[in-house]
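Please find the sequence and the predicted model below.
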Amino acid sequence: MNRLFHSTAMHALLPLRLRLLRQIRSREGWDQAKIRSYQNAKLRDLVAHCWQYVPYYRSKWSGSIASPNDIQNVDDLARLPVLSKDELRENLPALTTTAPFIKSDPARSGGSTGRPTLFRMTHYDEQMAWAQMYTAWSWAGYRIGDPFQCVGGESIGVGLGDKRTRKDWVMNRWTTSGSNLTIERAKALAASPHFQTIRFLYGYPSAIRELCDLLKTIGDRPRALKGVVCTAEVMRQDVREEISRTLGDIPVHDQYGLNDGGLFAAEGPERDGLHVFFSRGVMELVDDGGRPISDIGRSGRVIATCLTNLATPFVRYETGDEAHWYDSGPVASGIRWPRIGPVDGRTGDVIYLPSGRRIAMPGLTLVMRWMEGLNQYQFIQTTPKSVTARLDRGSNFKLAEPEVLSYLRAKISDEIDWRVEWGRPELTQNHKVLIIRNDWLRARGLDRPDGTPK
């Protein structure tokens, strides 16, 4: 786990990723004018490519623009119609480039909204996404080659188990699945040889909080830890404070990412708003009428345009998230990029079982993404061991209810008394999906079974 050894390995095996990292970091002082000049040039190339090689866009845009020359800068994006998630799923072949010179690999979103998205991704775009993450991690104290721990699910590279891959070994990454958090597994992690060398922690806030609670119970924590970055869910302030306090007052940073749409934003060293990265994507905020929002503090829908993925281009993609501009001025660390406030997006509770097992959102998204024909899902805990799976079936969903129950028992837990309801998830007051809704605890005014109030 020698940092120098792994840093050398990463420079040898991931040269493009680290070159892009250096490029992004060299642009931290770019002002809004320089950022816009860069994005305008990339956008013109993207729109021209889509017009020539992506059939769906040319057809969709024909009523809005006469040629790609009509889109010259980011402000012109408002002339193009928004692409919905349903459109993407229903027209994926026509949204995939026909250019023979574009090489790509299959990819999918993490599914934390309840509906994973399939698409294709170029190698360059994937390496740019990693380079952006490394930049954000560096603001939280991470250095290339540092041993770090991921806690969560598929969207951060963690499966149902904790087995390391070759990629994990190269990056000096260790994993803890968020699908099966127990006191026994926390003890095993704390006893592992790498535990006291971990310098950085990355994952879902719900899963990290539950792991921290287990570590607090056994009276241990990683002593070499320098920073934490949370992603994929809305991070409540009380969760941030609890994670920090349990880990020895370590700074906890927030991060927002949308791999399919190419958006990324993260807190800098000051943890004062999320800096919006610009090398890979353009973020628009619009009101309910589709009009651009530039006012500080005014919330709007997040619209994404990915500038670097020519395989399945995402142009004016409806993310389902809401955010607001927080500030556009520079900060003490020298970063001059515009900042947004906390993103109002994906969130959820935790399922607590009598055995002591805790199931956070990442474990469920990893399992449910493979249920073919499933549009959306929601898990509602109603008693200490009863959970209702609310499933929204698509036209190609083939499983009967007994098969669904068998799948849930085998893939998630056989100690749960499962019940299936067919229908769309029930939304919160701000029209968001709680992937897990713990009605059992909510009815008692609790956050956890141990009597912690909400």
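Happy to help now that I have it.

so what does the host helix or strand of residue 392 touch, helix or strand wise?
Here residue 392 sits within strand 386-393, counting by DSSP states H and E. Here strand 386-393 touches strand 374-383, helix 401-411, strand 417-422, going by 3 or more C-beta pairs under 8 Å, 6 or more residues apart in numbering; DSSP states H and E. No exception for glycine: its C-beta is placed from N, CA and C like everyone else's.

Sheet partners, orientation included, of the next helix or strand after the shortest one?
Next along the chain after strand 417-422, taking DSSP H and E as the criterion, comes strand 436-438. Using DSSP bridges, the strands paired with strand 436-438 are strand 374-383 (parallel).

Model confidence for residue 353, exactly?
pLDDT recorded at residue 353 is 90.

Contact partners for it?
359, 384, 385, 413, 415, 416 (C-beta atoms under 8 Å, 6 or more residues apart in numbering).

Can you report phi and psi for the residue nearest to residue 105 when sequence neighbours are not counted?
In this structure, residue 105 finds its nearest non-sequential neighbour in residue 121, 6.0 Å apart by C-beta to C-beta, 6 or more residues apart in numbering. The phi/psi pair for residue 121 (degrees, to the nearest 10) reads phi -140, psi 130.

which element is residue 65 on?
Here residue 65 is assigned to no helix or strand, by DSSP H and E.

Can you get me a residue count around the residue lying closest to it once chain neighbours are set aside?
Among residues not flanking residue 65 along the chain, residue 79 sits closest, at 6.0 Å (C-beta to C-beta, 6+ apart). Burial of residue 79 is recorded as 12 neighbouring residues (other C-beta atoms under 10 Å).

For residue 248, which non-adjacent residue is closest in space?
In space, residue 248 is closest to residue 221, 6.1 Å off (C-beta to C-beta, 6+ apart).

Can you classify the one you found as helix, strand or coil?
coil (DSSP: H, G, I helix; E, B strand; the rest coil).

Quick check, pLDDT for it.
Note for residue 221: predicted pLDDT of 95.

How about residue 428?
64.

Likewise for the one 10 residues further on?
According to the per-residue confidence, residue 438 scores 91 in pLDDT.

who's in contact with the closest residue to it other than its chain neighbours?
Sequence neighbours aside, residue 349 is the residue nearest to residue 438 in space, at 3.9 Å (criterion: C-beta to C-beta, 6+ apart). Going by C-beta under 8 Å, 6+ apart, residue 349 touches 206, 381, 434, 436, 437, 438, 441, 442.

now do 7 Å
Residue 349 sits next to 434, 436, 437, 438 when contact means C-beta atoms under 7 Å, 6 or more residues apart in numbering.

what number of residues lie near residue 446?
Neighbours of residue 446 using other C-beta under 10 Å come to 16.

Which residues does it form beta bridges with?
residue 453.

model confidence over the helix or strand hosting residue 57, on average?
Secondary structure assignment for residue 57, by DSSP H and E: helix 55-61. Regarding helix 55-61, the rounded mean pLDDT is 97.

on that earlier part again, and the residue nearest to residue 105, what does it touch?
104, 105, 107, 309, 311.

farthest pair in those residues?
Using C-beta to C-beta, the two most remote members of the contacts of residue 121 are 105 and 309, lying 11.1 Å apart.
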